[in-house]
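Peer 1: Provide a 3D model corresponding to the input given below.
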Amino acid sequence: MTSLSIIIVNYKSWSVLEKCLESILSQGINDIEVIIVDNNSNDGLITKFKKKYINFKWISNKINAGFSKACNQGAEIAKNEYYLFLNPDTELEKNSLVKMKSIIDNFPNSILSISQLDSAGNIGFPYGNFLSIRTFNGIIRFLDRLISLENRNINNQKPFIKPNWVSGSFLLIDRKNFNKLGGWDEDYWMYYEDMDLCKRANIIGIDIVLINSISCTHHHGKSSKVNLKTRVKAKTHSIKSGVIFIEKHYRGAYQKILKFLYLSSRIIELLILSPFSKVKRLIFFNLIFNYR
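Peer 2: Numbering: from 1, shown residues only. Down below sits the predicted model:
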């Protein structure tokens, strides 16, 4: 990997973003370009960060147009051969980028990701199978893994695995393949855009690889849990994005059946949990009365 541009999309995640940027600086690699796209945090803190991280490139959006749009904005000004899309709530382990450099040539024509730990140090699963009739909700996914004898703990012990898709919280792709794919699909405001990118990559023969020997810490959801309004908006868009994925990648009766199963399972879940959660009630209201 001769050169790397790191692209980070931020929304009111300054405390974790600072840790993320410091972890990048600690890598000790001089030829890294860092681009931060701020999605209208509108809290005045970007001025402080621009002064502190003067060698990084900053884009300040006047509206929050979503994750995919912001990622593409960063890629448009990126100069280097490889793009690393990185969440602001991640922290790179020591020498992780050096390790990536040492193995990148072993995985040509690939989208790469790495293992992730949560804030408590527990290993996560930043990958999965494409949304389908076998995976449309959590219970069905569990049963599918049970029937197929998939053991994620064993997967985590392998040097690398090749899942259907990897999380956009750490996603490395070379410029040529990114342009070939046309970048991130901006129809997705938040969530499923990483699954979509990997689906399109899979179709044209690009491998999806997760390296278990390298890891980062992911403090999940710091951007989407800023306040009640943001949480509700993010979770509502998560459901809507699943529908976008289904309508984009499936046709005919299969699409109709999967869309019905996906939406009905989400609505039933919200109905059951709404009496106990204001967030669930507001998401349900958005889906039923404000779906567009």
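Peer 1: contact partners for residue 85?
Peer 2: Counting by Cβ atoms under 8 Å, 6 or more residues apart in numbering, residue 85 touches 7, 8, 71, 74, 168, 170, 171, 172, 173. From N, CA and C alone the C-beta is placed, and that goes for glycine too.
Peer 1: quick one: contacts for residue 218?
Peer 2: 87, 89, 90, 116, 117, 118, 124, 126, 169, 170.
Peer 1: mark which of those are buried, thanks.
Peer 2: Neighbour-count burial (16 or more other Cβ atoms under 10 Å) applied to the contacts of residue 218 gives 87, 89, 90, 116, 117, 124, 126, 169, 170.
Peer 1: domain parsing for the protein?
Peer 2: Split into domains by automatic domain parsing, the chain comes to 4-218, 228-289.
Peer 1: of these, which stretch is the most buried?
Peer 2: Among those, ranked by average contacts under mean count of other Cβ atoms under 10 Å, first place goes to domain 4-218 (a mean of 18).
Peer 1: mind checking the end-to-end distance for it?
Peer 2: Start-to-end span of domain 4-218 (Cα to Cα, to the nearest Å) is 21 Å.
Peer 1: ok, back up a step: ok, the buried ones among the contacts of residue 218 vs residue 42, which is closest?
Peer 2: Set against residue 42, the nearest of those by Cβ to Cβ is residue 89 (19.1 Å).
Peer 1: nearest spatial neighbour of residue 18, skipping sequence neighbours?
Peer 2: residue 49 (7.6 Å; Cβ to Cβ, 6 or more residues apart in numbering).
Peer 1: okay if I get the domains of the chain as a markdown table plus mean pLDDT?
Peer 2: Putting the domains of the chain into a markdown table (pLDDT from 0 to 100) gives the following:
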| stretch | mean pLDDT |
| --- | --- |
| domain 4-218 | 94 |
| domain 228-289 | 91 |
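Peer 1: pick out the residue nearest the middle of this protein.
Peer 2: residue 168 (2.6 Å; Cα atoms, centre = their mean).
Peer 1: and the gap between it and residue 227?
Peer 2: Distance, residue 168 to residue 227, using Cβ to Cβ, to the nearest Å: 23 Å.
Peer 1: also residue 241?
Peer 2: Counting by Cβ to Cβ, the gap from residue 241 to residue 227 is 21 Å.
Peer 1: also residue 267?
Peer 2: Taken as Cβ to Cβ, the span from residue 267 to residue 227 is 25 Å.
Peer 1: show me what contacts residue 161?
Peer 2: 127, 155, 209, 210, 212.
Peer 1: who does it bridge with?
Peer 2: residue 210 (DSSP bridges).
Peer 1: next one: the one 5 residues further on
Peer 2: In this structure, residue 166 has the following beta-bridge partners (DSSP bridges): residue 127.
Peer 1: show me the buried ones among the contacts of residue 218 that map onto strands.
Peer 2: Among the buried ones among the contacts of residue 218, the members falling in strands are 90, 116, 117, 170 (criterion: DSSP state E).
Peer 1: what two of those are the furthest from one another?
Peer 2: 117 and 170 (11.7 Å).
Peer 1: which stretches of the stretch 151-292 of the chain form strands?
Peer 2: For the stretch 151-292 of the chain, applying DSSP state E, counting those that start in this stretch gives strands covering 160-161, 165-166, 170-174, 207-218.
Peer 1: what would these look like in JSON lines with distance to residue 282?
Peer 2: Below are the strands of the stretch 151-292 of the chain laid out as JSON lines (distance: least, Cβ to Cβ, whole Å):
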{"stretch": "strand 160-161", "distance to residue 282": "37"}
{"stretch": "strand 165-166", "distance to residue 282": "29"}
{"stretch": "strand 170-174", "distance to residue 282": "30"}
{"stretch": "strand 207-218", "distance to residue 282": "26"}
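Peer 1: relative to residue 271, which of the ones you listed is closest?
Peer 2: Closest to residue 271 of the strands of the stretch 151-292 of the chain is strand 165-166 (Cβ to Cβ; 29.1 Å).
Peer 1: how about the residue nearest to the centre of the chain, what does it touch?
Peer 2: Counting by Cβ under 8 Å, 6+ apart, residue 168 has contacts 67, 71, 85, 87, 193, 194, 197.
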